[in-house]
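Visitor: Test case, fold it:
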Amino acid sequence: MNKINSIAKLISLTVIISIVNLSCSKTENSNNPKAPDIYVAGFENNGIVNVAKYWKNNIAVSLTDGTKAATASSIFVSGNDIYVGGNESNGTVAVAKIWKNGTPIILSNGQQNASITSLFISGNDIYAGGTEYNGTANVAKYWKNGIPVTLTNGPDNAHVSGIFVSGNDVYVAGNISNLSGTSATYWNNGVPVTLPPSATGQNSSYATSIFVSGIDVYVAGYQVTGGAFVAKYWKNGMQVPLTDGTREAYAFSIFVSGADVYIGGEEKNGNNSGYTLQYWKNGAATTLTNGMTDGSVRSIFVSGSDIYAAGLEKDGSNANKAKYWKNGAATSLTDGTKNAWATSIFVH
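Guide: Modelled structure (predicted):
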């Protein structure tokens, strides 16, 4: 009888422990949600041509087979769909393309060079900003669900660097160049806005990225005046310098989270031996490298309290490594045996 009671007690205790463990497991899972997926677009040389690809959580996915030159310049994730924009040669010219879950969508006719530089997905609509040569000049344009919208038609050369959609408004950042220089520009539903200062003589400005938050329009870029390169951004057309021009500096990407403005870029170090890869938060710089290597931050993304930056660095290897940094900690996507570039990052 005592033996039966002991067995019963043991079974009861086992059940209780199992219930407690199950309860703790559920509590831990609810308090520790799945880590976000990190997507990085870019390209890597195979020894002959560049291969367009993206990395999901550091695992590479090739978008092209390496027989023709290709690049991936932008990535955007919506739901379960992964969109990558770039170009691939048809043997004669570069063809503008989007890859949706690895399947190519051709946007240009293959008669003149064209490329996608920025993507934005809004609902069921796919917006792709890019540039196409029209036979006499490079034309700024974007495609909405494959239908082209031309922003310029020459004779000045124009280039698109970023696209952002807010409600029914389509914002496109880019540059217009002529004999006077280059003017940073953005288009709001096709209407151009020239950012100061406009190109005059030794003075040029370049827009590299755009972000819209509420009614505020932010554009990252840089200005060249008399040989001085100043990283900066514009908020509603007002200039905000990030550097003083004593060292060459560039801003390549912008992300706004709440009241905070994040800019990714680079600044030449004081010894002129390389560029310091860095980002600025509300104007304050955070360095990601020691400045003794060459490289660049090309894309920045903020998710919650985490800051992600993607780019490239030649850190003692034989070639540029594609990399990203999370809160300053670096992750190499390639081994440095062949040149590679990380161009865009998206966290989902």
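
Visitor: remind me which residues of the chain are low pLDDT?
Guide: Across the chain, residues meeting the criterion (pLDDT under 70) sit at 1-32, 271-273.

Visitor: who does His159 bridge with?
Guide: On the basis of DSSP bridges, His159 is bridged to Asn175.

Visitor: just checking, it touches Tyr133?
Guide: No: assessed by Cβ atoms under 8 Å, His159 is found out of contact with Tyr133, at 10.9 Å. Yep, even glycine has a C-beta here, placed from its N, CA and C like the rest.

Visitor: Look at these two and report which has more neighbours.
Guide: Legend: neighbour count by other Cβ atoms under 10 Å for His159 and Tyr133, higher for His159 (22 against 18).

Visitor: And the closest residue in space to Leu63 that isn't next to it in sequence, its phi and psi?
Guide: Excluding the flanking residues, the one nearest Leu63 by Cβ to Cβ, 6 or more residues apart in numbering is Ala52, at 4.3 Å. Backbone torsions of Ala52, given as degrees, to the nearest 10, read phi -70, psi 140.

Visitor: Against Ser74, how distant is Ala52?
Guide: Distance from Ala52 to Ser74, counting by Cβ to Cβ, to the nearest Å: 11 Å.

Visitor: Need the residues touching each of these two.
Guide: 84, 86 (Cβ atoms under 8 Å, 6 or more residues apart in numbering).

Visitor: Looking at those two, which one has more neighbours?
Guide: Legend: neighbour count by other Cβ under 10 Å for Ala52 and Ser74, higher for Ala52 (27 against 24).

Visitor: From what I see, that one and Gly85 are in contact.
Guide: No: shown here, Ala52 and Gly85 do not form a contact pair, counting by Cβ under 8 Å, at 9.7 Å.

Visitor: and for these two, which residues touch both?
Guide: Shared contacts of Ala52 and Gly85, counting by Cβ under 8 Å, 6+ apart, come down to 72, 99.

Visitor: before we move on, the earlier item: return the set of residues that bridge with the residue nearest to Leu63.
Guide: Going by DSSP bridges, Ala52 forms beta bridges with Phe43.

Visitor: The one 4 residues further on now?
Guide: When assigned by DSSP bridges, Lys56 has beta-bridge partners Tyr39, Ile59.

Visitor: any idea how far Asn101 is from it?
Guide: 11 Å.

Visitor: Give me the common contacts of those two.
Guide: Counting by Cβ under 8 Å, 6+ apart, the residues touching both Lys56 and Asn101 are Ile82.

Visitor: Looking at those two, which is more packed in?
Guide: Of the pair Lys56 and Asn101, Lys56 is the one with more neighbours under other Cβ under 10 Å, namely 15 against 10.

Visitor: What distance do you get for the more buried one to Val95?
Guide: 25 Å.

Visitor: what's the answer for Gly154, then?
Guide: For Gly154, the distance to Val95 - Cβ to Cβ - is 21 Å.

Visitor: which residues does Gly129 contact?
Guide: Neighbours of Gly129 in contact, by Cβ under 8 Å, 6+ apart: 116-120, 141-142, 160-163, 172, 174.

Visitor: repeat for Val84
Guide: Applying Cβ under 8 Å, 6+ apart to Val84 gives the contacts 41, 52, 54, 63, 72, 74-75, 98-99, 119.

Visitor: residue contacts, Gly214?
Guide: Residues counted as contacts of Gly214 (Cβ under 8 Å, 6+ apart): none.
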